[in-house]
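Participant: predicted model and sequence below, questions to follow.
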Amino acid sequence: MHRRVTHNQHYPTEAEFIKKIHDFFAITLPQNWRDIRDVVSDNFHVIRPEVFRVLT
């Protein structure tokens, strides 16, 4: 998602940003899974709720 939606991209509104993310998961990912699956890693980081915060 980062490579296709957020990397070096600017969206004028929050709604457009949310739509791009939704479209990635609903359209792009299913249609291109064979290509994308090869770059998905299992190196995930667990975010603990007590240290997570949203900046506004």
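Facilitator: Cool, the structure landed. Numbering: from 1, shown residues only.

Participant: and the residue lying farthest from the centre of the chain, how far from F25?
Facilitator: No residue in the chain has its C-alpha farther from the mean C-alpha position than E50, which lies at 22.7 Å (CA atoms, centre = their mean). Note on E50: its distance to F25, by CB to CB, to the nearest Å, is 28 Å. The C-beta positions use only the backbone N, C-alpha and C, and glycine is treated the same way.

Participant: for this protein, longest helix please?
Facilitator: Longest helix in the chain, counting residues (DSSP state H): helix 14-23.

Participant: low pLDDT regions in the chain?
Facilitator: For the chain, the stretches with pLDDT under 70 are 56.

Participant: give me the element L29 is part of.
Facilitator: Assigned by DSSP states H and E, L29 belongs to helix 29-31.

Participant: who touches that helix?
Facilitator: Residues outside helix 29-31 that contact it (CB atoms under 8 Å, 6 or more residues apart in numbering) are M1, I36.

Participant: distance between that helix and the chain's centre?
Facilitator: Centroid separation for helix 29-31 versus its chain: 13 Å, with CA atoms, centre = their mean, to the nearest Å.
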